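Trainee: please work out how this folds:
(chains A and B)
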There are 2 protein chains.
Amino acid sequence: MKEIQGGVTAAKGFEAAGVAAGVKYKNRKDMALVYSKTPCAAAGVFTSNVVKAAPVVWDKEIIASGEAVQAVVVNSGIANACTGKQGYDYCRETAAAAAEALGISEDSVLVASTGVIGMQLPMDKITAGVSMLVSEKAEGMEAGDDAAHAIMTTDTVPKQAAVTVTIGGREVTIGGMCKGSGMIHPNMCTMLAFLTTDACITKELLQEALRSDVQDTFNMISVDGDTSTNDTLVMLANGEAGNPVISEKGEDYETFYRALHYINETLAKKMAGDGEGATALFETKVIGAATKEDAKILAKSVICSSLTKAAIFGHDANWGRILCALGYSGVSFDPEKIELYFTGKAGKMLIFQNGKAADYSEEEATKLLSEPEVTVLVDMKMGEETACAWGCDLTYDYVKINADYRS
Amino acid sequence: MKEIQGGVTAAKGFEAAGVAAGVKYKNRKDMALVYSKTPCAAAGVFTSNVVKAAPVVWDKEIIASGEAVQAVVVNSGIANACTGKQGYDYCRETAAAAAEALGISEDSVLVASTGVIGMQLPMDKITAGVSMLVSEKAEGMEAGDDAAHAIMTTDTVPKQAAVTVTIGGREVTIGGMCKGSGMIHPNMCTMLAFLTTDACITKELLQEALRSDVQDTFNMISVDGDTSTNDTLVMLANGEAGNPVISEKGEDYETFYRALHYINETLAKKMAGDGEGATALFETKVIGAATKEDAKILAKSVICSSLTKAAIFGHDANWGRILCALGYSGVSFDPEKIELYFTGKAGKMLIFQNGKAADYSEEEATKLLSEPEVTVLVDMKMGEETACAWGCDLTYDYVKINADYRS
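Mentor: The predicted structure follows:
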């Protein structure tokens, strides 16, 4: 597996664009297009929120129908959630406008959106934006960059990743981009992520790989515990790599899965580290858990704890809050047995053992907690299972951003 | 039922004290004593956190044993959690010191603590504090005030309530005090609450009343979603009112229960409104739910949403975040059917109906959201069940307080 530059246009046969359509913001890109020259097998996972945005409903219908997909249209100004029947109709009109301009069917266009909940889309700007996107779409890294910028809301950096692997003697590429900074607690985050690959793989296995890996990647991050109405992760596979079709589990599927996992984990960590107002990526790794599920619940409980997140912002080795978060997670364990470490570039430091504080240096601990990536390692001493979760610190800027997001 | 001034010393036969023992802070009261001249039936509910502070373990043992209780000793500097066997031994030594000074048995002294997790108690200061408490204990409102001040940590105001009711022709008083500001998400908060009553009631019914009512009061508040290792609510009943003993459910029990509920709800709301850094009490009332459990889950999901709490701080009618929080609560409902209102002294305003925004004035909504008590009312239109939950807004000061709490 080889990491390469790029995102959604890294794989063969994909084009992209990002334009300033003025949906909500002025003078910045806020609509994006991902397009495949040939029809794609499409897979998707979506928010578990009972309140689903119109484009989530639309995309689920298309993916469930088994239709081939060729395009994804995204706007980052208005979420089109809690907008009733009109919102759904506007979503369909967006797809129809793109379909007409691209000369493809309405049912082969996915739609995604993020932004303010409750407002209706300004359809004149959306349809003008679609026209611009279609005329500007192009291959190559620059077009992918444009798209990655256009899907940002409170994100501070665009988020892309791409790798190549060899399957059946052919070079296969997976690339992707995502956005997400607040309302991030994916079960499926206002996370949007778009993956493209030129792998030749059946729709069923593509969906299975995506659904399975998201449990260990995007669903293991949290910025603020709020699961959005718009979370969307879709993947398009156009088969242009020319590898023997991956139609059953085996060596080729494993190779594909590993590459997919790398992309998902990389994008998920980028999203957590760029959480609204964040100054650090906060990773918690649980080892020695009795079950995988326990390990995940424990890791996620720590990265979701507001008090722990505020302590990370303060570079304060307030490990009692970590113990506390493990304790209320719902998983049963013996506090006397577990071991807790801080790890980082400066080393690995034992903090808690035998039911009480280890003999560590506060000064050294503060150093570890001042790195841009802070890792807590917890050994439950109950078994062999492990899990990782990723969040960020809780800062003044998180409050600032969200106290006046609409205005 | 009549609300009266006072707290733990309002009921007949109770004394209290608060002193500056220098456990952690300088020049402020940090140890408290509640004492009954006669042995009491004792009831308690405690944290559900797997990691339990030493005094929680101690108190649970005593209350389970059925021993009569006469005193509670509290320190607000060090939580005595994650302190191993030594922490438990120190807890017992604290009880023993109080028992000796008061001339009662060690097993009739409850201990409670709150503060930093992981540090050992400075026993010289604790035992000196106990001596001061015993020599200064007194009846009356001033002594109750001293105790209520002494249990505060990041609280900005002391929290007390008291009522009288008539049971069997006799005046019965229930009074209480509590503290709690951060790490508040009781399942059972670092909530400490101490209730006293001169009612004559069996230990079994006292425990049942307390355990039942806490589900609708203290367990329905949240400041930050972190369930503490030290949450403790204990109630002492010394029977001094001379009412016919309440030994079965009936009119007298109902009267007692209503008075207890009033005290619990009053103290719980005071705690939520004084959440760390809070500028407003944030209430969510759910009506028309299919089940009581659904109503509680929905109400609590809204008051726990970081994004909603930040919007309340910003006086921003960002109701989409409320819909979103209802949607990820885990309760199933039809977003097209529910109605959402903001209510306050300025009136009741319909915000969301028929799956989309109602025609409301942003300016008027901002007025409602600028009151010191903000209430969201949600009608699920699915049944008859209701629940209330109380939280607070998320502010810069919450982050400030918790980024450097230990230093």
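Trainee: and the nearest residue to residue A:86 once chain neighbours are set aside, backbone torsions?
Mentor: In space, residue A:86 comes closest to residue A:120 once its chain neighbours are excluded; the distance is 6.1 Å by CB to CB, 6 or more residues apart in numbering or on different chains. For the C-beta atoms, the positions are set from N, CA and C on the backbone; glycine is no exception. Backbone torsions for residue A:120, taken as degrees, to the nearest 10, come to phi -90, psi 150.
Trainee: ok, residue A:120 - how many residues close by?
Mentor: Neighbour count of residue A:120, defined by other CB atoms under 10 Å in any protein chain shown: 14.
Trainee: show me what contacts residue A:323?
Mentor: A:335, A:340, A:352, B:51, B:81-82, B:117-118, B:229 (CB atoms under 8 Å, 6 or more residues apart in numbering or on different chains).
Trainee: now, which of the residues you listed lie within strands?
Mentor: A:340, A:352 (DSSP state E).
Trainee: got the CA positions of stretch A:132-141 in CSV?
Mentor: Backbone C-alpha positions of stretch A:132-141 (Å, rounded to 0.1, in the frame of the first residue of the first chain) are rendered in CSV as follows:
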residue,chain,number,x,y,z
MET,A,132,-20.9,26.1,-13.0
LEU,A,133,-19.9,22.8,-11.5
VAL,A,134,-20.6,20.9,-14.6
SER,A,135,-18.8,23.3,-16.9
GLU,A,136,-15.7,23.4,-14.6
LYS,A,137,-15.4,19.8,-13.7
ALA,A,138,-12.0,18.3,-14.5
GLU,A,139,-9.6,15.5,-13.7
GLY,A,140,-6.5,15.9,-11.5
MET,A,141,-5.4,17.1,-8.1
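Trainee: so which bits of it are buried?
Mentor: Buried residues in stretch A:132-141, counted by 16 or more other CB atoms under 10 Å in any protein chain shown: A:132-134, A:137, A:141.
Trainee: just checking, the residue nearest to residue A:86 touches residue A:83?
Mentor: Yes. Assessed by CB atoms under 8 Å, residue A:120 is found in contact with residue A:83 at 5.6 Å.
Trainee: give me the common contacts of those two.
Mentor: By CB under 8 Å, 6+ apart, the residues touching both residue A:120 and residue A:83 are residue A:90.
Trainee: and the residue of the stretch 201-350 of chain A closest to chain B?
Mentor: residue A:320 (2.4 Å; CB to the nearest CB).
Trainee: from what I can see that residue touches residue B:118, true?
Mentor: Yes. Taking contacts as CB under 8 Å, residue A:320 lies within contact range of residue B:118: 4.4 Å.
Trainee: what do those two both touch?
Mentor: B:79, B:81-82.
Trainee: between these, which is nearest residue A:215?
Mentor: Of all the shared contacts of residue A:320 and residue B:118, residue A:215 sits closest to residue B:82, with 31.0 Å by CB to CB.
Trainee: ok, that closest one - contacts?
Mentor: Contacts of residue B:82 by CB under 8 Å, 6+ apart are A:320, A:323, A:335, A:352, A:355-357, B:51, B:117-118, B:229.
Trainee: let me have those residues in TSV, extended by distance to residue B:383 and pLDDT.
Mentor: Output for the contacts of residue B:82, formatted as TSV (distance: CB to CB, whole Å; pLDDT from 0 to 100):
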residue	distance to residue B:383	pLDDT
A:320	42	85
A:323	40	89
A:335	41	88
A:352	46	93
A:355	47	88
A:356	49	87
A:357	50	89
B:51	37	81
B:117	42	83
B:118	46	84
B:229	37	72
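Trainee: quickly find the element holding residue A:288.
Mentor: Using DSSP states H and E, residue A:288 sits within strand A:281-289.
Trainee: next secondary structure after that strand?
Mentor: Toward the C-terminal end, the helix or strand that comes next after strand A:281-289 (DSSP H and E) is helix A:292-304.
Trainee: before we move on, back to that, and the residue of the stretch 201-350 of chain A closest to chain B, how many residues sit next to it?
Mentor: Using other CB under 10 Å: residue A:320 sits among 26 other residues.
Trainee: quick one: residues contacting it.
Mentor: Per CB under 8 Å, 6+ apart, neighbours of residue A:320: B:79, B:81-82, B:116-118, B:229.
Trainee: also residue A:238?
Mentor: A:11-14, A:36-40, A:196-198.
Trainee: tell me the one of these nearest chain B?
Mentor: residue A:196 (28.6 Å).
Trainee: ok but that closest one is inside a helix, no?
Mentor: No. Secondary structure of residue A:196 (DSSP: H, G, I helix; E, B strand; the rest coil): strand, not part of a helix.
Trainee: measure the residue of the stretch 101-250 of chain A at minimum distance from chain B to residue B:131 for me?
Mentor: Nearest residue of the stretch 101-250 of chain A to chain B: residue A:117, at 2.5 Å (CB to the nearest CB). Computed as CB to CB, to the nearest Å, the residue A:117 to residue B:131 distance reads 59 Å.
Trainee: same question, residue A:193
Mentor: From residue A:193 to residue B:131 the distance is 63 Å (CB to CB).
Trainee: and these two? Which one has more around it.
Mentor: Shown here are residue A:193 and residue B:131; by other CB under 10 Å, residue A:193 has more neighbours (29 against 15).
Trainee: hey, what's the more buried one bridged with?
Mentor: Beta bridges link residue A:193 to residue A:178, residue A:233 when assigned by DSSP bridges.
Trainee: that one is in contact with residue A:219, isn't it?
Mentor: No. With contacts counted by CB under 8 Å, residue A:193 stays clear of residue A:219, the gap being 11.8 Å.
Trainee: let me see the domain layout of chain A.
Mentor: A:2-273, A:281-403 (automatic domain parsing).
Trainee: distance from the chain centre to stretch A:109-127, please.
Mentor: From the chain centre to the centre of stretch A:109-127 is a distance of 20 Å (CA atoms, centre = their mean, to the nearest Å).
Trainee: pull out the buried residues from that stretch.
Mentor: Those would be A:109-119, A:121-122, A:125-127, for stretch A:109-127 by 16+ other CB under 10 Å.
Trainee: packing partners of the lowest-mean-pLDDT helix or strand in chain A?
Mentor: Ranked by mean pLDDT, DSSP states H and E, the weakest helix or strand in chain A is helix A:396-403, scoring a mean of 81. Here helix A:396-403 touches helix B:306-313, helix B:396-403, going by 3 or more CB pairs under 8 Å, 6 or more residues apart in numbering or on different chains; DSSP states H and E.
Trainee: to residue B:377, which of those helices lies closest?
Mentor: helix B:306-313 (14.2 Å).
Trainee: is the closest one positioned near chain A?
Mentor: Yes. Helix B:306-313 is in contact with chain A by CB under 8 Å from any CB of the partner chain, via B:306-307, B:310-311, B:313.
Trainee: dump those residues into JSON lines; add distance to residue A:252, pLDDT and neighbour count as well.
Mentor: Listed next are the residues of helix B:306-313 next to chain A as JSON lines, based on distance: CB to CB, whole Å; pLDDT from 0 to 100; neighbours: other CB atoms under 10 Å in any protein chain shown:
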{"residue": "B:306", "distance to residue A:252": "43", "pLDDT": "85", "neighbour count": "27"}
{"residue": "B:307", "distance to residue A:252": "42", "pLDDT": "84", "neighbour count": "29"}
{"residue": "B:310", "distance to residue A:252": "47", "pLDDT": "88", "neighbour count": "27"}
{"residue": "B:311", "distance to residue A:252": "48", "pLDDT": "88", "neighbour count": "25"}
{"residue": "B:313", "distance to residue A:252": "52", "pLDDT": "90", "neighbour count": "26"}
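Trainee: go ahead and confirm residue A:17 touches residue A:133.
Mentor: Yes. Counting by CB under 8 Å, residue A:133 is a contact partner of residue A:17 at 4.7 Å.
Trainee: which non-adjacent residue is nearest residue A:403?
Mentor: Per CB to CB, 6+ apart, closest to residue A:403 is residue B:314, 3.2 Å.
Trainee: if we can go back for a sec, residue A:250: which of the contacts of residue A:323 is nearest?
Mentor: Nearest member of the contacts of residue A:323 to residue A:250, counting by CB to CB, is residue A:340, at 40.2 Å.
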